[in-house]
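Asker: fold the following, please.
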Amino acid sequence: MDFPSTRFKDNADASTGLLFIRVYNKWHSTISQELRNLGITHPQFVVLTSLNFLSQSDDNVTQVSIAKMADMDVMSVSQIVKGLEKNGFIERTANPKDSRAKAVKLLPKGLEMVIKALPMVEKIDDDFFGILKDDERVFRQYLKILE
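Answerer: As a prediction, this is how the structure comes out:
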């Protein structure tokens, strides 16, 4: 069988994409496990914390604004919001500014989850990326370039 050739055949670690996905998977696995212990998924955490952040300056947060902040697909956010609503973390109400959109509100149970999960995830980030020390700021700058 002839296998396709790669320019990284002698050194897989020379592939930036492979290194990036391995590091991402390691980081994501740690976060996902800890969030699983709290009973939520990582995408649910992202939606809850985005909603929490946006709610501090807007009383009529929409699924579209959550999707934009998190850089997620609107349909994915819609499915996540439905699950969070079913579990009593959020509620959707009529949006007085736009009759076509629903306002998404964080309920006490959702706020309680954010209060538990956010410091935990931030600590994981601090521990994981903290090994970069002074280079962490530069790393973030490079991530912004790639964003």
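
Asker: so Asn25 is in which element?
Answerer: Using DSSP states H and E, Asn25 sits in helix 16-38.

Asker: that helix: how far from the chain's middle?
Answerer: Centroid displacement of helix 16-38 relative to its chain, using CA atoms, centre = their mean, to the nearest Å, is 12 Å.

Asker: how much space between Asp134 and Lys26?
Answerer: Noted for Asp134: a distance of 22 Å to Lys26, by CB to CB, to the nearest Å. In this view, the C-beta of every residue, glycine as well, is placed from N, C-alpha and C.

Asker: give me the more crowded residue out of these two.
Answerer: Shown here are Asp134 and Lys26; by other CB atoms under 10 Å, Lys26 has more neighbours (10 against 6).

Asker: contacts only, for the more buried one.
Answerer: Residues near Lys26 by CB atoms under 8 Å, 6 or more residues apart in numbering: Phe128.

Asker: change the start of the numbering to 19 and stick with it
Answerer: Fine by me, first position is 19 from now on; the one you just mentioned is Lys44.

Asker: tell me the pLDDT at it?
Answerer: Reported pLDDT at Lys44 in the predicted model: 97.

Asker: so where's this structure uncertain?
Answerer: In the prediction, the chain carries no residues with pLDDT under 70.

Asker: returning to what we had before: contacts for the helix or strand following the helix holding Asn43?
Answerer: The helix or strand immediately downstream of helix 34-56 is helix 60-73, counting by DSSP H and E. If you take CB under 8 Å, 6+ apart as the criterion, helix 60-73 is touched by 46, 49-50, 53, 58, 79, 83-84, 87-88, 90, 94-95, 98-99, 101-102, 107-108, 122-124, 128-129, 131-132, 135-136, 139.

Asker: before we move on, what about stretch 97-104?
Answerer: Contact partners of stretch 97-104, identified using CB under 8 Å, 6+ apart, comprise Pro61, Gln62, Val65, Leu66, Gln81, Ile84, Ile108, Glu109, Arg110, Val122, Gly128.
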